[in-house]
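A.B. asks: Pasting a predicted model and its sequence here:
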Amino acid sequence: MANRGKQGVSKYFYDIAEEVPAEKWKDFARKLQVQEVKIGRIEAEEKGIVKECCMKVLNQWRMKNGRKATLEVLRKALEDAELGDIAENIKDEELHLRIPVQETAGNSSGAHQPSTQYVYSQVSQPSSDDIKRSGTGLQPEDMDCEDYDDSLLLG
C-alpha cells in the first residue's frame, strides 16, 4: 500500500478501494454499518464500479463517524468482511511509518545530554506547518469531519 501523503485514516482509502474484490465490497460496507439502502444507492450512482463504490462508502463512513472513524475500526471491518490480507497491509504500512526520535537522558551531574538510544514515534499527526496551512490551528481529531478537509494539509 502506498501512503498518499494525507493525514488520518483517509490516507488508506484509495489503496483499500483498489484491493477490495468485487464480490466483497458490499459485505465490507455492511461491516462499516452502511445501510442497505445506501449501499444500493452507491452502487447505482457509481454504476457498479467497485473502486468508486468503495471510495464513496469509506468517505461516507468517515463523515458519519467523525473521530470514531479510526484505523482500528477500519481494520476490524476489513477482518470481519474476510479481507484480513488488506487489514494486514495497513498494519504493515503503519509499522513502516515510524521515525526515530532521539531520547535524552541525564548524566551524573544531572544535566540532560542526548543519548545514542532511539525510541520510535508514530507519524500520524500533521506538522505545525500543516496546521498553520489549514487555517484553523486545530488538530484534525479536534474537529468534526464536516469541518475537516484533508486537502488543506497538502502543500
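C.D. replies: Noted; the coordinates are in hand. Residues are numbered from 1 along each chain as shown.
A.B. asks: Could I get the full set of helices for the chain?
C.D. replies: For the chain, the helices defined by DSSP state H occupy 13-19, 25-31, 36-45, 50-65, 71-80, 84-96, 128-134.
A.B. asks: deepest of these, which one?
C.D. replies: helix 25-31 (a mean of 21; mean count of other CB atoms under 10 Å). C-beta coordinates here come from the backbone N, C-alpha and C atoms, glycine included.
A.B. asks: Can you flag the weakest of the helices of the chain by average pLDDT?
C.D. replies: Per-stretch mean pLDDT for the helices of the chain is lowest at helix 128-134 (a mean of 49).
A.B. asks: Can you give me every residue that contacts the closest residue to Glu79 other than its chain neighbours?
C.D. replies: Using CB to CB, 6 or more residues apart in numbering and skipping residues adjacent in sequence, the residue nearest Glu79 is Ala87, 5.0 Å away. Contacts for Ala87 (CB atoms under 8 Å, 6 or more residues apart in numbering) come out as Leu74, Arg75, Lys76, Leu78, Glu79.
A.B. asks: Please report the distance of Ala87 from Leu32.
C.D. replies: 13 Å (CB to CB, to the nearest Å).
A.B. asks: residues in contact with the closest residue to Glu82 other than its chain neighbours?
C.D. replies: Leaving aside its chain neighbours, Glu82 sits nearest to Lys24 (7.0 Å; criterion: CB to CB, 6+ apart). Lys24 is in contact with Ala81, Glu82, Leu83, counting by CB under 8 Å, 6+ apart.
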